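**Student:** Have a look; sequence and predicted model below, questions after that.
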Amino acid sequence: MIRGDMFSIDLRKIYSFSPVEPAPDPQNLPASSDIYYECLECKTVLNSVPHIKCACQCGNLKGGSGKTCVDKPEQVRVVKGKLK
């Protein structure tokens, strides 16, 4: 689905995700190429360092240019992604 100038791709079709344990502090979320954020409100998964403009369905996560902004960090699950 394309919303304006943003892509929305269901990453669950490409990757298997597992929660990062122990769960990181919501105020200090880690970021790297294999770290993803799952929005607990709308269940969308975004890369923590996206290079294309993207956002979750409810607007809690917005990213692009290698950075993700999180409006409600307490509503984010940090997961590791691995290609299927």
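**Tutor:** Ah, there it is. Residues are numbered from 1 along each chain as shown.
**Student:** thinking residue 78 is in contact with residue 30, fair?
**Tutor:** Yes. Applying Cβ atoms under 8 Å, one finds residue 78 in contact with residue 30, separated by 6.5 Å. Placement of C-beta: from N, CA and C, glycine included.
**Student:** more neighbours, the two?
**Tutor:** Neighbour comparison, residue 78 and residue 30: the larger count goes to residue 78, with 20 against 12 (by other Cβ atoms under 10 Å).
**Student:** Next, the more buried one: secondary structure please.
**Tutor:** strand (DSSP: H, G, I helix; E, B strand; the rest coil).
**Student:** got a list of what it touches?
**Tutor:** Counting by Cβ atoms under 8 Å, 6 or more residues apart in numbering, residue 78 touches 19-20, 23-24, 29-30, 35-38, 48.
**Student:** same thing but at 6 Å, please
**Tutor:** 20, 24 (Cβ atoms under 6 Å, 6 or more residues apart in numbering).
**Student:** who's it bridged to?
**Tutor:** With DSSP bridges applied, residue 78 shows beta-bridge pairing to residue 37.
**Student:** Is the residue nearest the centre of the chain in a helix, a strand, or coil?
**Tutor:** The C-alpha lying nearest the average C-alpha coordinate of the chain belongs to residue 46 (Cα atoms, centre = their mean; 2.5 Å). Assigned state for residue 46: strand (three-state reduction, three-state DSSP).
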